[in-house]
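Engineer: Curious how this folds, go ahead:
(3 chains)
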Amino acid sequence: MPELPEVETVKRGLSRLIVGKSIVDVISDNPKSFPNSKQDVESFLLESSVLSVRRRAKVLIIDLSTKYSLVIHLKMTGQLVYINYDDIRFGAGHPSDSLVGKLPDKSTRVEITFSDKSKLFFNDQRKFGWMKLMPSDEIVNLPFMKKVGPEPLDQSFTSIDFISRFRRRPGTSIKAALLDQSVIAGVGNIYADESLWGAKIHPKRIVSGLSDSELSILYREVRDVMNLSIEKGGSTNRNYVDAEGKKGSYMDFARVFRREGLDCPRCGEQIIKFKAAGRGTHVCPVCQVL
DNA sequence: CACTTGACCTGTCCGC
DNA sequence: TGCGGACAGGTCAAGT
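Structural biologist: Prediction:
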């Protein structure tokens, strides 16, 4: 899933839905998805309550009253879906109504129950994702957190910052650099292709060959595309759903991603697909030249 | 050192 | 309908 806009959408949903709730039970089916000792779970997760939900890059952080946090990476197919059975019984009409009776399913890796009987399901078809319990103040020491680049949507993150970060990777392709989380945080395959199309830059161009002005346009595109996607609730390419099980609609607005064979919305040429930086890559061959 | 490729898993889709 | 292979939103380890 889950690039920055999708994780941000889940974060906003969970902030609204689970802050203040107390955890009373946890079931997990897979040690890779939930690599926590029974002792830690009993001491720091059960009977704790949720203080806040945060996001850094594509990582979600649920802070608990025990000064521990659940650190969660959804990787490709992870979902976090909350269901409040009382809301449904009383006819509050939440989107998650349609999921009642469907979860847990065979992709459910962790099921967290709150004191009001509502539940949070961590589903992950491919089992790449994980949900790790750790002391809140140790999160910054995780290797990923130490190396991850700045948040591109932060107010304080300027085009000057963007350009100087990319200048540190002069020899690589612009698509590989965009996907590299240590350059800037949160861009994945969808938004890399979408923003490169917006900036009229071919994904295989080498960073050193790009002008400051081109990088500055790319900076704006990255931010515009991800802000638009957050507004649309993210992209549901395959598995992604938000905290209430709803799909995101950014794919309806995508200009190149998964649109191979269709017309470029700018010039009408057919979109093509090939492999770049090891990933399926979508390009308008007229707007984006090597 | 900088950069690229393979592995981690399961499910789906496409061609034979 | 069945089967093999390619491919899928991310990140790390191992390779060049």
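Engineer: Near DNA strand C, which residues of chain A? Just list them.
Structural biologist: Residues of chain A lying close to DNA strand C (CB under 7 Å from any atom of the strand) are A:1-3, A:6, A:57-59, A:73, A:75-77, A:126, A:128, A:143-144, A:179, A:181, A:188-190, A:234-240, A:275, A:278-280. Backbone N, C-alpha and C define where each C-beta goes, glycine included.
Engineer: Now stretch A:202-214: buried residues?
Structural biologist: A:202-205, A:207, A:210, A:214 (16 or more other CB atoms under 10 Å).
Engineer: And the average pLDDT for it is what?
Structural biologist: Across stretch A:202-214, the average pLDDT comes to 96.
Engineer: and A:I206, how far is that from A:F166?
Structural biologist: A:I206 sits 11 Å away from A:F166, going by CB to CB, to the nearest Å.
Engineer: Need the overlap of contacts for the two.
Structural biologist: A:I174 (CB atoms under 8 Å, 6 or more residues apart in numbering).
Engineer: Need phi/psi at the closest residue to A:I62 other than its chain neighbours.
Structural biologist: Leaving aside its sequence neighbours, A:I62 sits nearest to A:L70 (CB to CB, 6 or more residues apart in numbering; 4.2 Å). Reported as degrees, to the nearest 10, the phi and psi values for A:L70 are phi -90, psi 120.
Engineer: any idea where the helices of the stretch 1-150 of chain A begin and end?
Structural biologist: A:4-18, A:38-40, A:85-89, A:143-147 (DSSP state H, counting those that start in this stretch).
Engineer: what sits up against the shortest one?
Structural biologist: In other words, helix A:38-40. Residues from elsewhere that reach helix A:38-40 (CB under 8 Å, 6+ apart): A:68, A:133.
Engineer: same thing with the last one?
Structural biologist: Contact partners of helix A:143-147, identified using CB under 8 Å, 6+ apart, comprise A:56-57, A:59, A:139-140, A:181-182.
Engineer: Dump these to a markdown table, plus pLDDT, neighbour count and distance to A:G261.
Structural biologist: Supplementary listing: these in a markdown table, determined by pLDDT from 0 to 100; neighbours: other CB atoms under 10 Å; distance: CB to CB, whole Å:
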| residue | pLDDT | neighbour count | distance to A:G261 |
| --- | --- | --- | --- |
| A:R56 | 97 | 19 | 37 |
| A:A57 | 97 | 22 | 33 |
| A:V59 | 97 | 21 | 35 |
| A:I139 | 97 | 18 | 44 |
| A:V140 | 95 | 9 | 45 |
| A:Q181 | 96 | 17 | 31 |
| A:S182 | 96 | 15 | 34 |
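Engineer: which of those residues lies closest to A:V41?
Structural biologist: Nearest to A:V41 among the contacts of helix A:143-147 is A:I139, at 17.8 Å by CB to CB.
Engineer: my guess is the closest one contacts A:L70, does it?
Structural biologist: No. Using CB atoms under 8 Å, A:I139 makes no contact with A:L70, being 10.4 Å away.
Engineer: Enumerate every residue touching the residue nearest to A:I62.
Structural biologist: Going by CB under 8 Å, 6+ apart, A:L70 touches A:45, A:61-62, A:64, A:131-133.
Engineer: how about the residues of chain A that lie near DNA strand B?
Structural biologist: Close to DNA strand B, as judged by CB under 7 Å from any atom of the strand, chain A has residues A:32, A:106-107, A:125-128, A:169-173, A:176, A:277-278.
Engineer: let's go with 10 Å and repeat that
Structural biologist: A:30-32, A:75-77, A:105-107, A:124-128, A:168-173, A:175-177, A:179-180, A:183, A:204, A:206-208, A:238-239, A:275-279 (CB under 10 Å from any atom of the strand).
Engineer: Among those, name the buried ones.
Structural biologist: Buried among the residues of chain A next to DNA strand B (16+ other CB under 10 Å): A:76-77, A:107, A:124-125, A:127, A:169, A:172-173, A:175-177, A:179-180, A:183, A:204, A:207, A:239, A:276-277.
Engineer: now the closest residue to A:V24 other than its chain neighbours: how far from A:K146?
Structural biologist: Distances taken as CB to CB, 6+ apart place A:S115 nearest to A:V24, at 5.1 Å, with adjacent residues excluded. Plainly put, A:S115 is 36 Å away from A:K146 if you go by CB to CB.
Engineer: before we move on, back to that, are there residues contacting both of A:I139 and A:L70? Which ones?
Structural biologist: A:I61.
Engineer: lowest-confidence helix or strand of chain A?
Structural biologist: helix A:85-89 (a mean of 76; mean pLDDT, DSSP states H and E).
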